[in-house]
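Q: What shape does this take:
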Amino acid sequence: MIKIDLETFINDKVEHYYFDEDLNCAATVLRVLSELFKIELSDQVISSATGMNGAGKFGAQCGLLEGTIMFLGILGKELKYTKEKITEICYDFTKNFKSEYESLLCSKLRPEGFPKDKEIHRCEGLTKVELKFAVKYIENYYSVTSPFL
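A: Numbers count the residues shown, from 1 in each chain. Presented below is the predicted three-dimensional model:
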């Protein structure tokens, strides 16, 4: 079996989910993290992320953040953490996300908005960077390692 590095895995998966499956940022993050940490997601979970691309393209909370927070809750439940602990982890991740990217808002992270004539996945590069950030956070905060790594 050929083992690929984390960056290659993330790059390949992001491109697949964005361009082959046309998933948004939140759903893409959920899918990639679930594969990395070997957690099965139902179709309903992915469907729930449909409008989480800046709150339905409104420019509100970033879908990369929302997808990661959703995954943190799912992982926390798998690890049998309390709701209070999961909430604390989500808060801390959000604080770190804001510190790293200087905003929680899609409108700040994607200032060009969602032009109707160019519906491409403009957040592809940021998604790849954020996923590496999220994996490192999960490994440190949850003290778990992806079986992939």
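
Q: Not including adjacent chain positions, what is the nearest residue to the residue nearest to the spatial centre of the chain?
A: When C-alpha atoms, centre = their mean is applied to the chain, the residue found nearest the centroid is Val29 (3.0 Å). Of all residues not flanking Val29 in the chain, Gly67 sits nearest, at 3.2 Å (C-beta to C-beta, 6 or more residues apart in numbering). Glycine gets a C-beta too; all of them are placed from N, C-alpha and C.

Q: Point me to the helix or strand that includes that neighbour.
A: Gly67 is located in helix 63-78, with elements delineated by DSSP states H and E.

Q: which secondary structure elements does that helix contact?
A: helix 25-36, helix 43-48, helix 83-101, helix 124-141 (3 or more C-beta pairs under 8 Å, 6 or more residues apart in numbering; DSSP states H and E).

Q: mind listing what's buried in the third one?
A: So that's helix 83-101. 86, 89-90, 93-94, 96-97, 101 (16 or more other C-beta atoms under 10 Å).

Q: one step back: contacts for the helix holding Gly67 next, please.
A: The set of residues external to helix 63-78 that reach it, using C-beta atoms under 8 Å, 6 or more residues apart in numbering, is 24-30, 33-34, 37, 39, 41, 45, 48-49, 52-54, 85-86, 89-90, 93-94, 97, 104, 106, 109, 123, 126-127, 130, 134, 138, 142, 144.

Q: Show me what the worst-scoring helix or strand of the chain on mean pLDDT packs onto, helices and strands only.
A: Taking mean pLDDT, DSSP states H and E as the measure, the helices and strands of the chain show their lowest mean at helix 54-57, namely a mean of 72. Contact partners of helix 54-57 among helices and strands, from 3+ C-beta pairs under 8 Å, 6+ apart: helix 106-109.

Q: Can you give me the buried ones in the helix it packs on?
A: Counting neighbours by 16+ other C-beta under 10 Å, the buried set in helix 106-109 is 106-107, 109.

Q: next one: stretch 135-146
A: 135, 137-138, 142.

Q: quick one: which of those is nearest Phe9?
A: Sorting those by distance to Phe9 puts Val135 at the head of the list, at 9.9 Å, by C-beta to C-beta.
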